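>>> What would the 3D arrangement of this be:
(2 chains)
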Number of protein chains: 2
Amino acid sequence: MPEPRSDAAMRDAHQAIALTVAYEGSTFAGFARQEGLETVQGRLEEALGTVLGHRVQTVGAGRTDSGVHALGQVVSFETTADLDDLAVFGRSITALAAPDIVVRQARRARPGFSARFDALAREYRYRLSAGGVPPLFLAGLSWWVKRELDLDTMREASRLLVGEHDFRSFCVAESAEGKRTIRRIDAIEISEERPLGERCVVLRVVGNAFLHSMVRVMVGTLVEVGRGRREPSWVCDVLEARNRAAAGQTAPARGLTLWSVAYPDDVWI
Amino acid sequence: MPEPRSDAAMRDAHQAIALTVAYEGSTFAGFARQEGLETVQGRLEEALGTVLGHRVQTVGAGRTDSGVHALGQVVSFETTADLDDLAVFGRSITALAAPDIVVRQARRARPGFSARFDALAREYRYRLSAGGVPPLFLAGLSWWVKRELDLDTMREASRLLVGEHDFRSFCVAESAEGKRTIRRIDAIEISEERPLGERCVVLRVVGNAFLHSMVRVMVGTLVEVGRGRREPSWVCDVLEARNRAAAGQTAPARGLTLWSVAYPDDVWI
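Next comes the predicted model:
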């Protein structure tokens, strides 16, 4: 399907392109480019360089850790190349970055667009497989906690995390040093689903921005409550402590997916 | 969770046990035991022999081909072993057969129970990924057909397959030689789903019994219609031809899952 042509004046200038990208995180040392390591950003920039004929610097909406998946990561870059058909362009990048990276959409954005700084909200989803039966089709996509979880107490605890808080306790200690650790969580929803026929619990977390490992520490903390080891109100103590040691464990990367990123409508051309 | 104890008299006799088993088909040369090949039945019988201390002959409800997955395959066998706790037993078999086979449930059935001959109905599901974007999380679990499919014409065509028919055209030619090829299809449902966030088309096929590759040839035939290469009524010509060459291609194994098997309620103890 050909995209409508933008006007000639724009073609000469730098254009901003945004890719919506899905990846299977298990084969990557995370999103962010690192010399000598297999990363999502490194693989994408290599594919973009091949297709565009010039080096490309990309910006990702979320710097996912090693092993974390994405369904709707957004990656932006600028180019002077003449991209008539963005669907063809997206397929070319997918073919070069395959099989663990798929470009789901390629869009033109207003000049200066940044997938990171223009983002209004990010949604992460975390899958838990509870109970005595290990996940099979979901094995690489969920955390098997081996016991049933009390979702009502987890929901009660999760409500205490919604809103603007200092999430220092929910952040890898070193990365929080001297940094502002106040973030706003808009919603946490906990539901039972059966993707691929396998029962799992899905935690949906929406917020403006996240600290390093924040969702995974939130999940590890809520699982302590769901297992009955802690009362829901313990979450307030964890927040107040402003100390990583007060929270639960960091839930494994394989359960986490960067689900989607929201932008103002007027960024798209 | 301990199972209720059966009475002492039963313990001495042969007991019939039914396992509900899920597996990822891509690593196996199919369900059925074959000397020198990695099969689901072979791996299960090895695990059962280790735990029960005697050789076990199993019967599967469906002989899935190489690469075909199962969510609810049922496997039966007889044993004289004293199995107090079937949940513990199921976990032991899962641990030994891991990671591509998971025992989801272990139940006691009436003496003489056969997972194959006592089955009332079998349900298969086939996943198709349509359109220009390849599947990522569903890559090993669906057939990427690369074009959009017209689901309405596929539904119209599928209705012509429901009921009792001679399905010789939908069966691997050699395996049909001299055999009865009449089967009853109870339902075919075609729906759009988003497991793991990825759009796919799911064909749900329920019937009493199936010929070799029958679901995959049915899917390949319905996809011809969905792509617009054939009219829905073509399916009647295919049925009437009683010739494998008249039907569409055999859809790839990776899209197919043996979803569940139904039994009369009174088989369970």
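
>>> C-alpha only now, for contacts and for neighbours.
Will do.

>>> does A:V103 count as helix, strand or coil?
Three-state assignment for A:V103 (DSSP: H, G, I helix; E, B strand; the rest coil): strand.

>>> So which bits of the stretch 1-150 of chain A are right by chain B?
Residues of the stretch 1-150 of chain A found near chain B, taking C-alpha under 8 Å from any C-alpha of the partner chain as the criterion, are A:22-24, A:71, A:91, A:99-104, A:132-137.

>>> Residue of chain A nearest chain B, please.
Distances between chain A and chain B by C-alpha to the nearest C-alpha are smallest at A:P195, namely 4.9 Å.

>>> any idea how far that residue is from A:L141?
Plainly put, A:P195 is 11 Å away from A:L141 if you go by C-alpha to C-alpha, to the nearest Å.

>>> neighbour-wise, which of those two wins?
Under the criterion of other C-alpha atoms under 10 Å in any protein chain shown, the comparison of A:P195 against A:L141 puts A:L141 first, with 27 against 15.

>>> so who does the residue of chain A closest to chain B touch?
B:195-196 (C-alpha atoms under 8 Å, 6 or more residues apart in numbering or on different chains).

>>> And A:T20, which helix or strand is it part of?
Assigned by DSSP states H and E, A:T20 belongs to strand A:15-23.

>>> Show me what the next helix or strand after that strand packs onto, helices and strands only.
Secondary structure here is assigned by DSSP H and E; on that basis, the next helix or strand after strand A:15-23 toward the C-terminus is helix A:40-52. Identification of packing neighbours for helix A:40-52 by 3 or more C-alpha pairs under 8 Å, 6 or more residues apart in numbering or on different chains; DSSP states H and E yields helix A:86-97.

>>> which residues touch the helix it packs on?
For helix A:86-97, contacts defined as C-alpha under 8 Å, 6+ apart pick out A:1-3, A:19, A:43-44, A:47-48, A:51, A:83, A:101-107, B:132-133.

>>> do that again at 7 Å, thanks
Here helix A:86-97 makes contact (C-alpha atoms under 7 Å, 6 or more residues apart in numbering or on different chains) with A:1, A:3, A:43-44, A:47-48, A:101-103, A:105-107.

>>> pLDDT averaged over that helix - what is it?
With pLDDT averaged residue by residue, helix A:86-97 scores 96.

>>> Helix A:40-52 and that one, what's the angle between them?
Per axes from the mean of the first three to the mean of the last three C-alpha atoms, to 10 degrees, the angle that helix A:86-97 makes with helix A:40-52 is 120 degrees.

>>> Only C-alpha atoms, please: export helix A:86-97 in CSV.
As requested, C-alpha coordinates have been extracted for helix A:86-97 and formatted as CSV (Å, rounded to 0.1, in the frame of the first residue of the first chain):
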residue,chain,number,x,y,z
LEU,A,86,7.0,3.4,4.1
ALA,A,87,5.4,0.0,4.0
VAL,A,88,8.1,-1.3,1.6
PHE,A,89,10.7,0.4,3.8
GLY,A,90,9.4,-1.3,6.9
ARG,A,91,9.4,-4.7,5.2
SER,A,92,13.0,-4.2,4.1
ILE,A,93,14.1,-3.4,7.7
THR,A,94,12.2,-6.4,9.0
ALA,A,95,13.8,-8.7,6.5
LEU,A,96,17.3,-7.5,7.5
ALA,A,97,16.6,-7.5,11.2
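
>>> picking up where we left off before, what strands line up against the strand holding A:T20, and which way round?
Within its sheet, and counting by DSSP bridges, strand A:15-23 is paired with strand A:69-79 (antiparallel), strand A:101-109 (antiparallel).

>>> And the closest residue to A:E45 other than its chain neighbours, how close does it get to A:S129?
For A:E45, the nearest residue in space outside its immediate sequence neighbours is A:V56; the separation is 6.0 Å by C-alpha to C-alpha, 6 or more residues apart in numbering or on different chains. Distance, A:V56 to A:S129, by C-alpha to C-alpha: 40 Å.
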